[in-house]
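**Student:** sequence first, predicted model second:
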Amino acid sequence: MGKRPAFDEIMGMDGDTPPRLPLAALGKWLADTPDDELRRRQETAETTFRQLGITFAVYGDTDTRERIIPFDIVPRVFLADEWAKLSEGLVQRVEAINAFLDDIYGERRILKEGVLPEDLILGNPQFRPEIAGMRPPHGIWAHICGIDLVRTGPDAFFVLEDNARTPSGVSYMLENREAMVRLCPELFREYRVEPVDSYPDRLLETMKSVAPRGGSSGPVCVVLTPGHYNSAYYEHSFLADSMGIELVEAADLVVDDDQVWMRTIAGRVRVDVIYRRVDDDYLDPLVFRADSMLGVPGLIAAYAAGNVAIINAPGNGIADDKAIYSYMPEIVRFYSGGEAKLPNVETWRCREPQALQYVLDHLDEVVVKLVDGSGGYGMLVGPTASRQEIEDFRRALIAEPHRYIAQPTLALSTVPTLADSGLSPRHVDFRPFVLTGSKGVQVVPGGLTRVALKEGSLVVNSSQGGGTKDSFVLMADGQRQTQSMGGMTQSQGFGA
Amino acid sequence: MMLSRTASSLYWLGRYIERADFFARLIEATVRLDVMSSRPAGEVAWSSALAVTETEVDFAAHGGTLTQTDVVRFLTVDTSHPGSVIRCLDRARNNAKAVRTALSREAWTAINRAWLVFESRSQVGDAAQTLRLVESVKNETRGFEGAVHQMLRNQSHWFIRLGQAVERADNTARLLDVKYHILLPEGEAVGGIVDRDQWTTILQVVSAVTAYRWLYSDGLTPANVIDLLIASHDLPRSLTASADTTVELLGLLAERTGSHGEADRMARMRAARLGRTRSGEVIASGLHQYLQAFIRENGQLHEAIGRQFRFG
Amino acid sequence: MRLSIDHRTVYRFTAPQSRLVQMLRMTPENSHDQTVARWRIDVDCDATMRRGRDGFGNAVTMLYAEGPIADIEIAVRGEVLTSHSDGVVRGVREVLPPAVFLRATEATPRDPAIAAFAAEVTAGAEGPVGMLHRLNRALHERFALDRARPAPGLSAAEAFARPAATSRDLAHIFAVAARSLDIPARYVSGYSIVEGSLRPTPHGWAEAHVERLGWVGFDPCTGRSPQEESVRVAAALDASGAAPVAGSRLGEGEEELDVAVKVSAAQ
């Protein structure tokens, strides 16, 4: 496959005309800092991550050793005006997701008005009849959303995927920033970067805002983890720690009299808000999987009685289901009354015969995804796939077309990345985090940039050889040089 | 208020770290005894190390010979039985992981580093290499001690130290019991021939060589060593000091949770009794029986702690 | 008809339990053809009970008991007045649209053998009601009724291969068959005097949704629609979702379950 022309966010389209002038200083920094020095700093960061135990386990990997997700020292940058536009789109989308969930488990207006096909929702395993008719406190369902975005040009952002269940990765946003501040302080003298370290405070505020009761000493909030064998355990403990609240496992919680309590050394303490990082299936064995030894028996009864807030609410899977994704523009229009400010990637629903035919005819050009798959598994990237892989997918598609969607292969933007051979462009995507509490929606100025470390690869998943980068959001007045950096002398700023 | 599970993990973390550290010091002292003393001690030294760690049966099943290479490998990097340093560190680390939020970064990092020293290591090498390995474990556990010391004086801190104190009491009692048996075969009087190297080994394991010199001017005698390890309030690893520490920590926890319990009462009674103990009388009336009873009582205290803080 | 119900459930544990949480679906509700005259749930140990609803709209009672508990008896007694309805369910709280009940579950999976059977026995029938009645009769004729307690975990597909089936399994097979004909169907648990007055479990049958008519009951045990001799308690996608008791306990050991249901026509 030939190289596709990709938009490089720092170097530009052809590599010599920086399209975003404020980033010229960053380009200069990259040019002036020797690769060995960058590599040394990168290794220092990775050593720290390993010592902190920021590790994950790869599914289906026989080597059970814990790994760290590779970290790349070159940051990815959003300009203030780019960010402002993105934020608007994110807020609109997350508001629509919340309205959709409230509707679909309640009145189901969107089905009655024929905007979505009924069987798409009612027959979807992600629509959970077990919690129909229950409404979370304050009517908020998706308190924490991670919206996966890709970029193909200076003004071209697309939503690749919504995550309204238990989006992970926020600890990388925070730890990567810690590492960058420590290892590349000169960049922060150069650019005024929006801080991300208020995230835990904002999250706690969000949690408290949806508590079902006040109480004299304020609501008791906890983080619920499946336990320290879970691949995202570091993040769970990190979040609990930075919010200063307890990290509990299911066995630490008991439900009595439709109220949730945690077991402490001095007896039981009432719990009001649970940020759960376990799947719906493992929340309550009385309601979901009866064979599960995990879970808190009675939790859903407490939730139904309005005595506890569960973050995110059970049943959210219907909002970020890949089969629903292609209808998001309609969903946004239905609830917001306007067009989606952040477009979807064009998507062929293979359940529709015409779309299926198109996909089968263009398998070597498109990306095919399993509707119920995740983490980059069950995915075909046509342009880089072998003939065998393509034929395997062709058979699978014909057998069960409703399980697949397909999208064009996008020329994802690149950011210079430190490879073995030196700095080299690599494809990236982006997951910003959006918080919704009873006082409104807020977008944290930053996020998780994932980078496909293999040259030409478009798969950024950490389980498939992806890494991460820090993501700078520049302040509105921060795009000017204020001081000298590296080998540069003081100057008046670019574009001035 | 702290979760019961968290308290349990912190307490066990303390126990396992202490145990790993004790094993490391026991191995170090035995290597010295075997290799560097005036008369090489050989099999007896290594079989006593196994006896102290209660791993004789596992070792026999394992089919090794009573040599330094085999026993050290067995006690350090062998993952097939629970009595090795690596297994202690692994369990310490798992407990630490389960309570990441209750630990400071430094405390966690120290445990993780100690574990990384051993991870994927299967051989230990000769005496010099063994000593280096053991030294690195001791460094990391010391680092952990230091980090715990720096932590807020809160429940987390106290539960870790409580686990350490209970484990320490058990380890010291066991060390003394086994060594005393070997050194003084039945019927022999305490004042008999003194195997200086052996008695020095005991002092090394509890880091008390220098302390001994300060406290006792009349040379190395078994009665003095026993007195030091049982009755000294000043030697942190003595039975009395461990018992005092246990009482102190349970008192701090009771203040925090607002209630005293069964474990407090047991610990206070034990400390009061130890305070009245004369080591000479203990020796005369049977040290072995005394130590066995102490180990049993320590086990009961351990269980009472579990009940009091709802670990169950 | 005035029906009197006495339903006792006893759990015995080989080791005392430190805690017990159970969700009971044991409360019938009023509808056009069913009036609850008297109803109570009693437990023979200290426990708190809270009433609520599950996602399917069924009335549930949460039961919370602190240990040590060696055994627990849940006694349900009451009287219900019923009237003839030709199996048509009216005046029942419906939370979910019928299309939800087209989905498969672990106990009621899509199954080619059942689908083929359904297609065969309904061929040529008049409209959906005709088809469903034929299906109901065909199941009644095909299987001997097994009065034992249903085997846990047995799916409709597995049950279909056996010569005898319990009321639960028959209702599951009915649901799978109806769904294969694109007719929403669900499992109903309740009480009935038709098949003898003493039973080892509450009764179970099926309901199917027919345009314009709404939900209609079908009982493959009798080959007819349930009539005034039945009391409807809970409905869900399959028996586990409508189970009278969903429980969780904290403690070691095994549990032994003893259930006795007595339904009689009161005078």
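**Tutor:** That came through, no problem.

**Student:** go ahead and confirm C:N58 touches C:A235.
**Tutor:** Yes: using C-beta atoms under 8 Å, C:N58 makes contact with C:A235 at a distance of 6.8 Å. Quick note: C-beta positions are derived from backbone N, CA and C, even for glycine.

**Student:** overlap of the contact sets of these two?
**Tutor:** Listed as contacting both C:N58 and C:A235 by C-beta atoms under 8 Å, 6 or more residues apart in numbering or on different chains are C:A242.

**Student:** between those two, which one's more packed in?
**Tutor:** A direct count of neighbours by other C-beta atoms under 10 Å in any protein chain shown for C:N58 and C:A235 places C:A235 higher, at 25 against 22.

**Student:** and the contacts of stretch C:2-9?
**Tutor:** Stretch C:2-9 is contacted by residues C:26, C:37, C:73-82, C:191, C:193, C:202, C:229, C:231, C:244-245, C:257-267 when judged by C-beta under 8 Å, 6+ apart.

**Student:** could you check the pLDDT of residue 266?
**Tutor:** Picked chain A for this. pLDDT for A:A266: 88.

**Student:** my question was about chain C, not that one.
**Tutor:** Looking at C:A266, its pLDDT is 71.

**Student:** ok, now C:A138?
**Tutor:** If you check C:A138, the pLDDT there is 97.

**Student:** now do it against C:D169, distance only.
**Tutor:** 15 Å (C-beta to C-beta, to the nearest Å).

**Student:** what does A:F433 give?
**Tutor:** For A:F433 relative to C:D169 (C-beta to C-beta), the value is 48 Å.

**Student:** swap in C:P97?
**Tutor:** Per C-beta to C-beta, C:P97 is found 27 Å from C:D169.

**Student:** then B:L13?
**Tutor:** The value you get for B:L13 to C:D169, if C-beta to C-beta is used, is 51 Å.

**Student:** do A:G114 as well
**Tutor:** 38 Å.

**Student:** neighbour count for those two, which is higher?
**Tutor:** More neighbours surround C:D169 than the other of A:G114 and C:D169, with 26 against 8 (other C-beta under 10 Å).

**Student:** measure that one to C:P244 for me?
**Tutor:** Distance, C:D169 to C:P244, by C-beta to C-beta: 17 Å.

**Student:** in terms of pLDDT, where does the residue in the stretch 101-250 of chain B positioned nearest to chain A sit?
**Tutor:** Nearest residue of the stretch 101-250 of chain B to chain A (C-beta to the nearest C-beta) works out as B:T101 at 4.1 Å. Looking at B:T101, its pLDDT stands at 76.

**Student:** pretty sure it is touching A:D241, no?
**Tutor:** Yes: using C-beta under 8 Å, B:T101 is in contact with A:D241, at 4.1 Å.

**Student:** who's in contact with the residue nearest to A:L160 when sequence neighbours are not counted?
**Tutor:** Closest residue to A:L160 apart from its sequence neighbours, by C-beta to C-beta, 6 or more residues apart in numbering or on different chains: A:D148 at 4.5 Å. A:D148 makes contacts with A:V159, A:L160, A:E161, A:D162, A:N163, A:D429, A:F430, A:R431, as judged by C-beta under 8 Å, 6+ apart.

**Student:** what helix or strand does A:D148 sit in?
**Tutor:** Using DSSP states H and E, A:D148 maps to strand A:144-153.

**Student:** thinking again about what came up before, got TSV for the contacts of A:D148, with neighbour count and secondary structure too?
**Tutor:** Listed next are the contacts of A:D148 as TSV, based on neighbours: other C-beta atoms under 10 Å in any protein chain shown; DSSP: H, G, I helix; E, B strand; the rest coil:
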residue	neighbour count	secondary structure
A:V159	21	strand
A:L160	21	strand
A:E161	19	strand
A:D162	26	strand
A:N163	21	strand
A:D429	24	strand
A:F430	24	strand
A:R431	25	strand
